[in-house]
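*Asks:* only geometry, no sequence info:
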């Protein structure tokens with residue numbers, strides 16, 4: 001029985017843009033010399049698809065297909081299991097492949113799905129839809145699957161169907177609920193609503209929130225809780241086909257995919273790496289001419305589309321290609337062999353081509369690490385896991401649309417560019433006045449942690465004895481914001497006013513003597529004396545509404561934005577970001593015994609991840625030599641100038657008082673390890689040379705199963721986390737470094753290393769909740785000049801937190817740094833997996849912890865002095 005193929009052309013709804021190929025051809029031909037082009041879609045007519053199949057089977061130079069097929073052959077079971085970490089297989093599960101082609105590679109995924117299903121069912125629990133432009137090719141390939149050995153294995157497990165249309169047709173069809181199983185829709189019409197998707201921006205919170213919206217029900221800022229009843233949607237987009245878009249269009253297209261935030265929907269995306277120029281050019285121009293025949297067929301397709309298949313004489317054209325290394329873009333052209341005139345029949349026009357004139361037919365983008373992570377973040381997607389071929393030429397990425405995601409920081413404008421400040425969008429400095437969207441992003445993270453990860457039973461508990469109960473922090477964040485707004489605006493505090501006395505300031509006691517502590521709020525001593533969670537959330541909602549009202553007044557002109565006002569907004573936003581991380585490292589101590597895992601994010605497939613991490617190449621050398629050098633630390637941000645230059649907001653970079661002033665520091669030549677000390681390395685030290693000299697890290701836990709590593713999903717075996725950076729106290733890591741013949745780096749030494757080799761958030765650094773756990777460091781790899789991530793931890797330095805020349809304490813928050821100039825705190829740099837990008841990306845930011853404080857997510861790397 002032939003496979004069902006849905007004709008989407010007859011089902012397209014209003015608003016769906018159907019590609020007008022003839023018009024695109026005519027527009028491309030009418031361009032001036034050197035700019036003519038043809039739509040790439042012409043290459044994939046019925047004949048073109050078969051010619052492409054020849055490339056994949058007969059041209060070994062075309063590594064993209066073979067590399068992707070290698071991954072799927074070896075890792076299909078891994079991939080489909082990871083796809084289902086967010087939700088088990090359920091009736092009416094749907095898998096859609098965009099631009100399916102011959103299905104040779106896809107058959108591995110289909111077989112993996114069938115093995116995951118296990119026993120046959122009626123009806124089949126999974127339906128696979130191949131979306132493609134060519135109906136006859138769909139019929140041929142689906143029939144081939146049905147009659148093959150693969151088809152026999154799919155019986156009772158995976159049903160294969162087709163969708164005939166464009167990408168836009170298919171996506172609109174899905175958004176409108178078109179994939180709901182007919183049986184289910186007859187029995188339960190409401191089921192169609194499970195396949196209606198949110199607007200394509202995918203944002204859980206509007207960037208245009210107003211004061212009235214912020215004052216609504218306190219749960220309004222949370223991403224919606226996954227229903228848990230609708231079938232998941234899995235989209236396959238293989239072959240690095242996304243590379244045929246421009247970079248901006250690629251992000252827009254992926255952003256438009258109907259993946260529901262926090263729903264266990266996934267996207268499996270193929271991306272070609274930024275390989276060597278020669279390798280890429282050979283891949284697209286094989287020695288036997290298969291690619292040439294495939295490309296030149298586009299001329300025949302163009303002519304046929306316009307009414308004359310022989311409009312272009314192929315003997316007068318040749319195929320040429322070029323890889324633009326700087327742009328990481330391969331380009332394919334038709335080149336006219338001579339001066340010639342082509343007659344265009346639909347408009348009865350003659351078009352003249354000069355000798356050697358080029359006409360572009362295809363672009364194919366390649367992706368560096370930075371390109372890939374930038375694409376994902378712009379598209380509001382989170383990488384769940386990645387699989388690469390053995391030669392690291394190509395990767396398959398499994399992605400999800402998470403409950404929240406921090407966007408890339410805005411870039412600084414070009415010199416001389418004047419951009420008007422607006423609180424609807426960030427001002428020109430990424431570290432300037434926060435926008436509404438910045439607040440919505442931090443509120444999404446805070447609400448996720450406080451409302452989804454802390455069970456009611458833990459609200460009155462202290463995961464760490466040196467800190468307050470969890471409930472305190474729920475009140476501290478809005479109280480701190482409210483206090484600062486009241487001081488700034490000279491207005492009364494939000495009711496209930498007694499909250500400012502209870503929640504104004506937390507505690508940071510001395511680790512050695514917890515009775516010694518700086519001034520802090522006096523808090524209730526019994527559970528029933530604390531305000532209720534409901535009253536705290538109501539207070540939080542009112543304070544947020546107050547803040548949004550200030551933004552409304554600024555944008556309406558009722559209130560003038562000043563530099564001081566901007567400082568208060570910056571300070572309170574980053575304060576909330578820092579406390580999100582503090583609360584999480586507290587909650588880590590109860591993960592598996594109280595703290596709830598981050599539901600809505602697909603949980604890690606630990607064994608699969610560990611296998612991939614073990615296969616990743618290590619740096620060729622353990623260390624890199626740096627210096628001598630002059631390192632610039634800090635920046636110039638004098639709070640005292642806020643009142644002198646109240647209008648100096650545009651482009652201003654805010655920071656905390658210990659970040660200022662800018663200063664130069666000389667460092668001598670030194671060696672520094674490419675990567676921080678790992679759990680595995682430290683474990684061998686702990687049971688060997690360090691036995692009795694260092695404590696068990698608080699990031700570990702010892703039980704009957706041995707020593708495990710804590711994660712927010714519960715403890716994992718050391719074998720899983722052995723390549724992650726270890727998190728432990730400065731004292732113990734300093735002991736490790738000394739025994740190994742080195743020491744921990746100074747602040748300027750580590751700053752110099754970061755300046756040269758840190759990839760940053762846009763380059764894939766594990767910050768901003770990209771993961772909810774550390775990962776292995778990637779610095780020192782062969783690609784990107786050694787740039788990479790340290791794995792998602794802060795790093796200790798040997799520099800003691802103290803006053804520097806020119807330091808002036810903040811008037812808005814006098815104790816921020818001053819209370820810790822006690823000789824007991826070490827400067828730490830970088831950022832952890834739970835550090836917001838605004839903090840991790842500002843090179844002047846300095847964090848600090850007591851040197852024997854074991855709980856924060858801080859690791860370290862060893863440096864070695866080089867004798868002069």
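*Replies:* Perfect, I can see it now. What you see is a predicted model, and the numbers here were worked out from it, not measured in a lab.
*Asks:* just the helices in the stretch 51-200 of the chain please.
*Replies:* Ranges of helices in the stretch 51-200 of the chain, per DSSP state H, counting those that start in this stretch, are 63-83, 106-117, 135-147, 149-154, 167-175, 182-187.
*Asks:* export the ones you listed to CSV and tack on mean neighbour count and distance to residue 823?
*Replies:* All C-beta spots, glycine's among them, are computed from the backbone N, C-alpha and C. Below are those laid out as CSV (neighbours: other C-beta atoms under 10 Å; distance: least, C-beta to C-beta, whole Å):
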stretch, mean neighbour count, distance to residue 823
helix 63-83, 21, 48
helix 106-117, 21, 58
helix 135-147, 18, 71
helix 149-154, 16, 69
helix 167-175, 22, 60
helix 182-187, 12, 68
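*Asks:* Any chance of a markdown table for these, columns distance to residue 531 and mean pLDDT?
*Replies:* Below are the helices of the stretch 51-200 of the chain laid out as a markdown table (distance: least, C-beta to C-beta, whole Å; pLDDT from 0 to 100):
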| stretch | distance to residue 531 | mean pLDDT |
| --- | --- | --- |
| helix 63-83 | 43 | 96 |
| helix 106-117 | 48 | 95 |
| helix 135-147 | 62 | 90 |
| helix 149-154 | 58 | 93 |
| helix 167-175 | 44 | 89 |
| helix 182-187 | 47 | 38 |
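*Asks:* give me every residue that touches residue 383.
*Replies:* 373, 376, 397-399, 770 (C-beta atoms under 8 Å, 6 or more residues apart in numbering).
*Asks:* one more time with 6 Å, if that's ok
*Replies:* 376, 397, 399 (C-beta atoms under 6 Å, 6 or more residues apart in numbering).
*Asks:* With respect to residue 838, which of the helices of the stretch 51-200 of the chain lies nearest?
*Replies:* Ranking the helices of the stretch 51-200 of the chain by distance to residue 838, with C-beta to C-beta as the measure, places helix 63-83 first at 30.6 Å.
*Asks:* Specify the angle between the closest one and helix 106-117 in degrees.
*Replies:* Helix 63-83 runs at 20 degrees relative to helix 106-117, counting by axes from the mean of the first three to the mean of the last three C-alpha atoms, to 10 degrees.
*Asks:* Flag the shaky bits of the chain, pLDDT-wise.
*Replies:* For the chain, the stretches with pLDDT under 70 are 1, 10-19, 86, 180-229, 412-428, 507, 509-510, 514-515, 517-520.
*Asks:* so where's the longest helix in it?
*Replies:* helix 563-588 (DSSP state H).
*Asks:* Now do the helix or strand following it and helix 63-83, the angle between them.
*Replies:* Downstream of helix 563-588, the first helix or strand assigned by DSSP states H and E is helix 606-615. With the same axes, to 10 degrees defining the directions, helix 606-615 sits at 140 degrees from helix 63-83.
*Asks:* hmm, who's touching helix 606-615?
*Replies:* Against helix 606-615 from outside (C-beta under 6 Å, 6+ apart): 78, 82, 716, 720, 723, 776.
*Asks:* Nearest spatial neighbour of the second one, chain-adjacent residues omitted?
*Replies:* Excluding the flanking residues, the one nearest residue 82 by C-beta to C-beta, 6 or more residues apart in numbering is residue 605, at 4.4 Å.
*Asks:* How about the contacts made by residue 561?
*Replies:* Contacts of residue 561 by C-beta under 6 Å, 6+ apart are residue 554.
*Asks:* Which secondary structure element is home to it?
*Replies:* Judged by DSSP H and E, residue 561 forms part of no helix or strand.
*Asks:* How much space separates it from residue 504?
*Replies:* 26 Å (C-beta to C-beta, to the nearest Å).
*Asks:* ok, so what distance separates the residue lying farthest from the centre of the chain from residue 662?
*Replies:* Most distant from the centre of the chain: residue 348, at 51.1 Å, with distances by C-alpha atoms, centre = their mean. From residue 348 across to residue 662, the span is 69 Å (C-beta to C-beta).
*Asks:* Kindly report the same for residue 742.
*Replies:* 29 Å.
*Asks:* and the two? which has more neighbours close in?
*Replies:* residue 742 (19 against 13; other C-beta atoms under 10 Å).
*Asks:* Next, the distance between the ends of stretch 98-117.
*Replies:* 23 Å (C-alpha to C-alpha, to the nearest Å).
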